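*Asks:* model the structure of this input:
(chains A and B)
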Amino acid sequence: MGDILSKYDIFGAFWVTIQLSVLSAIGALVLGTIVAILRVSPVRILRLLGTSYVNVFRNTPLTLLMVFSILGLSFILGINLSQDLSRNAYLWAVVVLSVYHAAFVCEALRSGVNTVPAGQAEAARAIGLTFGQSLREVLLPQAFRGAVAPLGSVLIALIKNTTVAAVILGTSEAAGLLAKITENEGASLPTFFLFALGFVILTLPFGILFTHLSQRLAVKR
Amino acid sequence: MDDVNPTAAVPSDRTPDTPRDPMVVIDGVNKHFGDLHVLRDINLTVGKGEVVVVLGPSGSGKSTLCRAINRLETIESGTISIDGQALPEEGKPLAQLRADVGMVFQSFNLFAHKTIRDNVTLGPIKVRKKSKSDADRQATELLKRVGVEAQADKYPAQLSGGQQQRVAIARSLAMGPKVMLFDEPTSALDPEMVNEVLDVMVGLAKEGMTMIVVTHEMGFARKAADRVVFMADGQIVEVGTPQEFFTNPRSDRAKDFLGKILTH
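*Replies:* Numbers count the residues shown, from 1 in each chain, chains lettered A, B, ... in the order given. Okay, here's the model as predicted:
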């Protein structure tokens, strides 16, 4: 066990996992919010655009999107995010994780929007707020609070889904390294549990934090 | 024209004793909800400073009419204009016009995530572009006027229904509206809280605010209304002074309605 810890940079691999998670989470939250705004906008074509986005990315396997980014977009179409091969794969992983989870963020936010009674939007419009102002000042702040719990689930799923990036990243993040160790050293339960524990340490605080937040931020009606 | 009710022949637009400049002009307005014809050829002019109370049984279209005046409900035909300006389509001009039209809802609709003070200052800051300190000062004044200044830092859920509704009135007043719409403002209140809200409304009426009030409060209609509009089945059946309407209703529909509510 100590042998494996000294031979392989497990902390480094988890550090990459954390980086992937943080960057993709930011990307997914920003993109997901935009898609959610499209889905609740009063303009039909924008709503259609938002709905299509969610349907496409929510229903496509993440592994397929990962592979497509490198094989399809990068190798065949020549869209490279970096000249350095591993850097290119890393950036694509962030983009794919962001794009994929934005669909789930959008749906979490939309479920949050649904917790806001219609009267709130009517009152906002009645005092003369524009559509954008109503969203910013009244609807989204309440929707975010109502969406905290489902957003927590999406972020936890995102952290675990970073392991899918192993298909294009090779061994730099945790799941890839686990595969490499297994291949070189033979399968061992302790190694497996060590990696599982790593993920629990990453995700468990999130679960507790979000449950706490969803109770503290809840809008009382 | 098969939906013409004989009683609808009563002129819906009586000139009050002293002629007033029109504030709200509703002209030939129609609307359907599916098969239901909720607004049938509505004509009504509300003068500046006038208080019009709209009465009628449930489903008569009175709330829909009230909501159509600031375009929370769209209309299919006819026109509605406020202070000489026709209601614009969606967008900035509509938002600007809505800022001039106060609206008080049955379910209060205070912004649940904002304090009482922030509920009142939001519109003045974002729409009227007032400074925070000016808006705060004005909010304190208005909250004092409706008697809830002590609750300024609380959240809506911590207030009673009557208090919330008075805050909602203060929120509307903060915009300096030309006309105030009240959509059954006391219907969701416990009986002992009705009067505290009505008192504020009577005060407003006395100060000369133009008001259109959809309500079941006959006492308020008698006390504060310049005119009573009686609606049934989507049309305006009768218009008159409260005195005329309550003592000598002309239409059978109104007699029937008053008979049902005034016998208890």
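
*Asks:* can I assume residue B:257 is in contact with residue B:55?
*Replies:* Yes - here residue B:257 reaches residue B:55: they are 7.5 Å apart, a contact under CB atoms under 8 Å. C-betas here are computed from N, CA, C, even on glycine.

*Asks:* more crowded one of those two?
*Replies:* With neighbours defined as other CB atoms under 10 Å in any protein chain shown, residue B:257 and residue B:55 compare such that residue B:55 has more, 28 against 21.

*Asks:* ok, how many other residues are close to residue 160?
*Replies:* Just going to use chain A. 15.

*Asks:* try chain B instead
*Replies:* Counted with other CB under 10 Å, residue B:160 comes out at 15.

*Asks:* do the same with residue A:219
*Replies:* Other residues lying near residue A:219 total 20 when counted by other CB under 10 Å.

*Asks:* what does residue A:96 give?
*Replies:* So residue A:96, with other CB under 10 Å, has 27 neighbours.

*Asks:* tell me the SS of it?
*Replies:* Secondary structure assignment for residue A:96 (DSSP: H, G, I helix; E, B strand; the rest coil): helix.

*Asks:* now do residue B:229
*Replies:* On the basis of three-state DSSP, residue B:229 is classed as strand.

*Asks:* who are the neighbours in contact with the residue nearest to residue B:163 when sequence neighbours are not counted?
*Replies:* Excluding its sequence neighbours, the residue lying closest to residue B:163 (CB to CB, 6 or more residues apart in numbering or on different chains) is residue B:148, at 5.1 Å. By CB atoms under 8 Å, 6 or more residues apart in numbering or on different chains, the contact list for residue B:148 reads B:116, B:159, B:163, B:166-167, B:170.

*Asks:* in CSV: those residues, plus secondary structure, neighbour count and pLDDT.
*Replies:* Shown next, in CSV, are the contacts of residue B:148 (DSSP: H, G, I helix; E, B strand; the rest coil; neighbours: other CB atoms under 10 Å in any protein chain shown; pLDDT from 0 to 100):
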residue, secondary structure, neighbour count, pLDDT
B:116, helix, 27, 97
B:159, coil, 18, 96
B:163, helix, 23, 96
B:166, helix, 28, 97
B:167, helix, 26, 97
B:170, helix, 25, 97
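
*Asks:* which two from those end up farthest apart in space?
*Replies:* B:159 and B:170 (12.0 Å; CB to CB).

*Asks:* list the buried residues in stretch A:67-80.
*Replies:* A:68-70, A:73-74 (16 or more other CB atoms under 10 Å in any protein chain shown).

*Asks:* for stretch A:184-197, that is, sorry about that
*Replies:* A:191, A:194-195.

*Asks:* what's the answer for stretch A:54-68, then?
*Replies:* For stretch A:54-68, by 16+ other CB under 10 Å, it's A:54, A:57, A:62, A:65-66, A:68.

*Asks:* relative to chain A, which residue of the stretch 1-150 of chain B is the closest?
*Replies:* Across the stretch 1-150 of chain B, no residue is closer to chain A than residue B:99, which sits at 2.7 Å (CB to the nearest CB).
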